[in-house]
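In: What shape does this take:
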Amino acid sequence: MLAVDTNVLVYAHKQGVPLHARAKAALAELAGSSAAWAIPWACLQEFYAVVTHPRLYAPPSSPAQALAQIEAWVAAPSVRLLAEAHDHLARLGSLLSALPIVGSQIYDAKIAAICLSHGVRELLTLDRDFSRYPALRTRSLIA
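Out: This is a model prediction of the structure:
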């Protein structure tokens with residue numbers, strides 16, 4: 001199963017940003033497919049925080065716009081929403097022990113742990129930091 005990272009969600013939502021058309025098309029393809037795909041709840045929450053932040057976008061998305069976008073993705077019949085699983089602490093602890101993860105890098109480790117706990121082996125992202133988790137392959141919007 002393929003999961004989608006925050007940056008792809010942001011690019012799909014925000015018109016005028018680099019890779020908007022590609023990200024929007026990728027999500028439309030996933031949503032229109034019968035194959036299961038996933039979004040970690042952590043990515044949806046981070047999406048909301050990013051697109052509504054007035055220092056990141058002028059103008060930012062309104063809370064209602066951001067929530068409507070999340071509701072549209074969640075309504076896709078083939079999407080699976082991923083949260084921390086019963087083994088989250090063990091999975092996260094394993095990632096943190098194996099790598100020198102510090103500071104805000106914990107957020108990517110959390111997403112990787114959530115994905116791996118749910119059997120996700122590939123993440124659609126533009127974040128190269130996920131390459132530190134070899135059990136989770138990455139797929140980029142950039143060919």
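
In: Tell me if residue 65 really is in a helix.
Out: Yes. Assessed by DSSP: H, G, I helix; E, B strand; the rest coil, residue 65 belongs to a helix.

In: State the number of residues packed around it.
Out: Neighbour count of residue 65, defined by other CB atoms under 10 Å: 13. Heads up, the C-betas are built off the backbone N, CA and C, glycines and all.

In: I'd like the distance between the closest residue to it other than its chain neighbours and residue 33.
Out: Distances taken as CB to CB, 6 or more residues apart in numbering place residue 51 nearest to residue 65, at 7.8 Å, with adjacent residues excluded. In this view, residue 51 and residue 33 are 24 Å apart by CB to CB, to the nearest Å.

In: More neighbours: which of the two?
Out: residue 51 (22 against 13).

In: Phi and psi next, for the more buried one.
Out: Main-chain dihedrals, residue 51, degrees, to the nearest 10: phi -70, psi -20.

In: distance of it from residue 61?
Out: 4 Å.
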